[in-house]
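J.: One predicted model, sequence on top.
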Amino acid sequence: MGWILFTFLAAAMQAWRNAFQSQLSKEVSTAGVTLARFLWATPVALIYLVALYTWKPVGLPFITPTFSLYVLAAAAMQIVATMMMVKLFKMQNFAVGAGLAKSEALMAAILGVVFFGTYLSWLGWLGVLLGGVAVFIMSSGQKLKQISFPTVLLGLACGGAFALTSLWVRAASLSLDLPFPHRAAWVLLFVVAIQTLVLVIYAYAVDRSTIDNLLKRPKLTLLTSVTSCLGSIGWFSAMSLQSVPYVKTLGQIEVFFTLLIAAFWLKEKVKIKDVAALVMIATAAILVMWG
């Protein structure tokens, strides 16, 4: 049952990270908001890894070409997915943008079964499909019949990119001959270190003002990085223990935290259909846990 607790941690932290990114997106470029997610994440990931080895010393990981390929692919795909999610924030309000990104669970189920040998029970499939319908409802406009297809397509692409990231993270973790949670912590450190390095080099080469804009907003940038890394600790740990579709479907409970943040912190109006979608997502999460 440990994967459930890690998933709840991840969902809560990701909801706050999305909220902070949503605020940054109003003042900083897409590349800058993406960089904010990783800028201070590497030190947090390193502290977590050191804490694990202090608590329970184990050997160092043996790095194979397969592991390296999975880590590089996951790092690159998560950058792409994050940039698409920031664009979603610019196209819709925060709650809807974050909700569309949660199509990740449905995409992870499909990709996992087809390409990664994942098995889902019929209750698991029912939960995944119900969660997908809820996400589709959240992507509609003022009325349920007024669907923004460009937004839906971007949301599905974003969810697919996040799904591939998660599947490759799990594959990388399982390829290490280390106990849990050390293997998840090593994958996290490698992934965020690569992402930070790539994005910092890109910012200096293409637009140096990006880093300056983030440094002018130190509190919001730090909160984005810390909540992002804490969320990743939850996701990476949960996915080391359980199949990605189950983790991501249960993780849709993040929408509950998202709606609370949108209503009480960002002061955004939450529609009745979003509440209905939340009930569907909660039902999907229950089905996945039973499955």
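T.: Looks like it arrived, so ask away. Residues are numbered from 1 along each chain as shown.

J.: pLDDT weak spots in the stretch 151-291 of the chain?
T.: 266, 268, 270-274, 278, 281, 285, 288-291 (pLDDT under 70).

J.: could you pull out the helices for it?
T.: With DSSP state H, counting those that start in this stretch as the criterion, the stretch 151-291 of the chain has helices at 182-206, 209-215, 218-241, 244-250, 254-264, 272-290.

J.: packing partners for the fifth one?
T.: So the one you mean is helix 254-264. Helices and strands touching helix 254-264, as assessed by 3 or more Cβ pairs under 8 Å, 6 or more residues apart in numbering; DSSP states H and E, comprise helix 2-24, helix 94-101, helix 272-290. Quick note: C-beta positions are derived from backbone N, CA and C, even for glycine.

J.: Please work out which residues outside the next helix or strand along the chain from the first one touch it.
T.: The helix or strand immediately downstream of helix 2-24 is helix 30-38, counting by DSSP states H and E. Under the contact criterion Cβ atoms under 8 Å, 6 or more residues apart in numbering, helix 30-38 has outside partners 17, 20-21, 24-25, 28, 79, 82-83, 86-87, 90, 192, 195-196, 199-200, 202-203, 206-207, 210-211, 213-214, 220-221, 224-225, 228.

J.: what about helix 30-38, distance to the chain center?
T.: 14 Å (Cα atoms, centre = their mean, to the nearest Å).

J.: for that helix, what is the average pLDDT?
T.: Computed over helix 30-38, the mean pLDDT rounds to 85.

J.: Can we start the residue count at 309 from this point?
T.: Sure thing, new numbering starts at 309, so read that last one as helix 338-346.

J.: can you give me the angle it makes with helix 310-332?
T.: 140 degrees (axes from the mean of the first three to the mean of the last three Cα atoms, to 10 degrees).

J.: For helix 338-346, C-alpha coordinates in CSV please.
T.: The C-alpha trace of helix 338-346 is given here as CSV (Å, rounded to 0.1, in the frame of the first residue of the first chain):
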residue,chain,number,x,y,z
THR,A,338,7.3,29.3,-21.5
ALA,A,339,11.0,28.3,-21.4
GLY,A,340,11.4,30.2,-18.1
VAL,A,341,8.5,28.6,-16.4
THR,A,342,9.8,25.2,-17.6
LEU,A,343,13.2,26.0,-16.2
ALA,A,344,11.7,27.1,-12.8
ARG,A,345,10.5,23.5,-12.3
PHE,A,346,14.0,22.1,-12.4
